[in-house]
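Colleague: pasting the sequence and the predicted model now:
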Amino acid sequence: MPVEVLPPAGAVWWPDRHTLDNANLTRFMRALGVDSFEALNERASADPAWFHDELIRFLDYRFQQPYEQVLDLSDGLPFARWCVGGTTNVVLNCIDRWRNTARYTQPALVWEDEDGTVVTRTFADLDRETCQLAWGLRSLGLGRGDVVGMFLPNLPEAAAAMLAVAKIGAIVLPMFSGFGAEAIAQRLNDGRAKALITVDGSLRRGKPVGAKVVADEALRHCPDVRHVVVLGHLATEHEWQAGRDHWWHELAAGAPEDFTAVPTEAMPADDPFLLMFTSGTSGKPKGVVHTHCGFPVKTALDMSICMDLKPDDRFLWMSDMGWLVGPILVFGGLQVGATVVLAEGAPNYPEPDRLWRLIERHRVSYLGLAPTVARLSMSIEAAAFAQRDLSSLRVIVSTGEPWTPEAWQWTFERVGQRKVPLLNYSGGTEIGGILTGTVIHPLKPCAFAGPVPGTGADVVDAEGASVGLGVTGELVMRTPSIGLTRGLWHDRERYLESYWSRLPDLWVHGDFASRDADGMWYVHGRSDDTLKIAGKRTGPSEIEGLLMATGLLLDAAVIGVPDPIKGTAVVCVCVPRPGIDQDGAVKRLSSAVTAGLGGAFKPAQVVFVADLPRTRNMKVMRRVVRSAWLAEDTGDLSTLFNPESVQDIRAVQAAQGQI
């Protein structure tokens with residue numbers, strides 16, 4: 001079992017004896033009879049069927065009918081089948097399992113709106129709401145295998161909607177609450193959806209925003225959507241189509257008084273319940289398919305076993321339900337029995353420090369955080385930030401993009417007071433986590449403890465051979481994971497081409513990674529973002545870290561542009577701090593890059609913009625920055641939180657005389 005050892009050079013935190021002994025990961029390794037995380041990874045990679053069978057048993061993941069075979073590879077690695085012959089349902093494991101337990105009357109959800117109003121739902125409350133809506137959906141003729149779109153902001157009912165769709169054996173298709181009509185229509189049509197759940201309206205940065213009116217526009221182009229369920233939340237003007245449109249409360253009112261009599265559908269374990277569309281650099285969004293036995297088990301492995309989410313935690317991760325983090329929060333938190341904290345709106349409205357106020361008010365112990373949110377929070381005045389009581393925090397989990405060292409250090413020192421482990425977590429919509437931090441490993445800034453067991457993660461060269469320590473290569477998976485997408489929705493060839501075609505029998509994730517002499521792992525950004533300047537290769541995040549360390553910027557995105565001499569030149573697109581001397585700042589920023597990386601990486605240009613293109617999770621979209629700067633097709637922009645930033649970049653580029 002894990003023992004206390006001297007931390008490696010550069011470590012800034014390491015677990016004490018109590019943390020080691022009480023970690024979920026320690027209990028899991030003890031149950032499996034392995035004595036180290038490295039040994040666990042080796043055995044899981046060598047025998048994925050054994051590992052996942054043990055994982056399911058340890059989690060007490062429940063089945064109506066036990067499976068006969070945990071892993072079937074007869075169709076090859078890309079199309080592994082799991083829990084063959086078994087039946088289950090994610091709702092059986094997130095809600096039904098808590099009936100007749102003490103947990104049932106404890107808070108499952110705590111929600112706060114932009115005005116500070118707080119709503120609490122126990123597991124019993126959420127069970128009732130889920131069953132009532134499930135009964136209403138069944139009364140409309142919806143059931144097994146039907147796709148139901150969800151166009152809802154972060155409201156408590158969003159959790160019930162996802163659960164209700166899964167409960168009846170249907171497939172929920174969550175969509176970003178800021179989408180326009182065209183993006184909604186495309187996903188509903190590509191998903192072959194039969195129904196949509198939406199809301200009349202909600203608040204966004206203090207302003208009423210109609211969702212039903214946007215949905216109505218989209219539905220003009222969706223002839224296969226037969227039913228629309230509308231949550232009454234904030235009265236806004238919208239159309240009403242008799243026979244198609246149904247008020248949520250009216251559907252739910254018809255449910256039996258004994259709501260527990262509403263059955264949870266027993267589904268083939270590897271049948272889908274979640275369809276998430278993720279944008280590519282070009283072409284239509286890709287439909288990622290997650291199943292009743294796959295997504296929940298993998299999410300519990302990531303969140304609970306590797307990163308120590310516990311039943312008494314209060315779990316906050318500000319994200320829209322249209323991104324994978326939303327379902328991770330809901331299904332991951334409820335399965336463990338933790339309390340999920342939801343918040344309407346943005347992390348920096350109505351106050352710039354709203355996220356940190358939420359932690360203080362609701363005594364959040366387990367926080368999910370995007371590095372960009374941390375970078376933006378660094379602009380909060382130190383005195384104002386110091387007033388927030390963040391002592392409830394026990395674990396901080398981070399994902400979305402690579403950290404800059406300055407932002408990581410700020411979060412570790414200012415948010416966690418050097419006491420709270422800041423765990424890196426990296427993967428994607430298609431798989432959940434591939435690399436993870438743990439509470440049983442020492443922490444180095446920006447590093448990962450290692451692979452999530454069962455992924456067979458490796459770092460390889462262009463031919464697929466493992467590379468040595470300190471060498472940057474492609475992040476791949478060598479073994480099947482139960483959490484991997486079961487393909488792309490009705491697009492087998494695109495799935496194989498996107499992930500499996502480059503290297504035989506390897507999932508190529510699209511990230512560059514490396515390992516150091518202490519066994520720590522690092523992610524260096526998307527492999528298609530990587531810069532090769534005068535024969536030298538680096539990731540954008542390394543240059544961005546040098547820029548941010550000057551203290552002149554709120555944020556930065558570094559891109560490579562064609563150069564007749566170097567092949568590629570560096571352009572730094574920066575969001576300045578208010579009040580700086582921009583002319584002088586350009587020189588200081590350029591000098592910081594050359595001092596850190598050498599003259600070959602001297603920026604060709606340093607320019608200032610009002611903001612960078614971001615997803616709703618506040619992740620910076622470098623490929624959009626580059627396309628906008630080069631006046632190229634920017635591809636699918638429907639996931640952007642601030643599409644106006646693209647025109648700002650183009651205007652700045654035009655003013656530079658580059659078009």
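Modeller: In hand now; what should we look at?
Colleague: residues near Phe448, how many?
Modeller: 27 (other Cβ atoms under 10 Å). Yep, even glycine has a C-beta here, placed from its N, CA and C like the rest.
Colleague: could you give the bridge partners of Ser466?
Modeller: Bridge pairing for Ser466 (DSSP bridges) gives the partners Val460.
Colleague: surely it is in contact with Ala457?
Modeller: No. Counting by Cβ atoms under 8 Å, Ser466 does not reach Ala457; the two are 10.8 Å apart.
Colleague: so where do the strands sit in the stretch 151-300 of the chain?
Modeller: Listed in chain order, the strands of the stretch 151-300 of the chain (DSSP state E, counting those that start in this stretch) span 171-174, 195-199, 201-204, 207-210, 227-231, 245-247, 267-268, 272-278, 286-291.
Colleague: include mean neighbour count when you put these into CSV, please.
Modeller: As requested, the strands of the stretch 151-300 of the chain are exported to CSV (neighbours: other Cβ atoms under 10 Å):
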stretch, mean neighbour count
strand 171-174, 26
strand 195-199, 27
strand 201-204, 20
strand 207-210, 14
strand 227-231, 22
strand 245-247, 18
strand 267-268, 24
strand 272-278, 24
strand 286-291, 25
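Colleague: going by mean pLDDT, which of those strands comes out lowest?
Modeller: Across the strands of the stretch 151-300 of the chain, strand 201-204 has the smallest mean pLDDT, namely a mean of 82.
Colleague: partner strands of that one, parallel or antiparallel?
Modeller: strand 207-210 (antiparallel).
Colleague: what does the partner strand contact?
Modeller: With Cβ atoms under 8 Å, 6 or more residues apart in numbering as the test, strand 207-210 has contacts from 200-203, 234, 236-238.
Colleague: which one of those residues is nearest to Tyr61?
Modeller: Using Cβ to Cβ, Ser202 is the member of those that lies nearest Tyr61, at 34.1 Å.
Colleague: what is that closest one paired to in the beta sheet?
Modeller: Beta-bridge partners of Ser202, as defined by DSSP bridges: Val209.
Colleague: now stretch 120-138: buried residues?
Modeller: Buried residues in stretch 120-138, counting neighbours by 16 or more other Cβ atoms under 10 Å, are found at 121-138.
Colleague: coming back round to it: just tell me which of the strands of the stretch 151-300 of the chain ends up closest to Val165.
Modeller: strand 171-174 (4.0 Å).
Colleague: can you name every helix or strand that that closest one contacts?
Modeller: strand 147-151, helix 156-167, helix 181-191, strand 272-278 (3 or more Cβ pairs under 8 Å, 6 or more residues apart in numbering; DSSP states H and E).
Colleague: I would like the residues contacting the shortest one, please.
Modeller: Put plainly, it is strand 147-151. Here strand 147-151 has contacts from 137, 142, 158, 161-162, 165, 170-175, 177, 179, 184, 187-188, 191-199, 211, 214-215, 225, 275, 321, using Cβ under 8 Å, 6+ apart.
Colleague: before we move on, back to that, higher neighbour count, Ser466 and Ala457?
Modeller: Set Ser466 next to Ala457 and count neighbours by other Cβ under 10 Å: Ala457 wins out with 28 against 13.
Colleague: helix, strand or coil for Val570?
Modeller: Under DSSP: H, G, I helix; E, B strand; the rest coil, Val570 falls in the strand class.
Colleague: and the residue lying closest to it once chain neighbours are set aside, what pLDDT?
Modeller: Counting by Cβ to Cβ, 6 or more residues apart in numbering, Pro603 is the residue found nearest to Val570 once chain neighbours are left out, at 4.6 Å. The model reports Pro603 with a pLDDT of 94.
Colleague: so Pro603 sits against Val593, correct?
Modeller: Yes. Counting by Cβ under 8 Å, Pro603 sits close enough to Val593 to count as a contact (5.7 Å).
Colleague: which residues do these two both contact?
Modeller: With Cβ under 8 Å, 6+ apart, Pro603 and Val593 have common neighbours 570, 572.
Colleague: list the residues that contact the residue nearest in space to the middle of the chain.
Modeller: Closest residue to the average C-alpha location of the chain: Val325 at 3.5 Å, with Cα atoms, centre = their mean. For Val325, the contacting residues are 317, 319, 368, 399, 617, by Cβ under 8 Å, 6+ apart.
Colleague: go again with 10 Å.
Modeller: 317-319, 332, 368, 370, 399-400, 429, 616-617 (Cβ atoms under 10 Å, 6 or more residues apart in numbering).
Colleague: now Gly201. Nearest residue, chain neighbours left out?
Modeller: Thr236 (3.3 Å).
Colleague: typed the wrong thing, it's Arg43
Modeller: Spatial nearest neighbour of Arg43, chain neighbours left out: Val34 (6.3 Å); criterion: Cβ to Cβ, 6+ apart.
Colleague: residue contacts, that neighbour?
Modeller: Taking Cβ under 10 Å, 6+ apart, one finds 1, 28, 40-44, 453 in contact with Val34.
Colleague: check it and give its pLDDT.
Modeller: Here the pLDDT value assigned to Val34 is 97.
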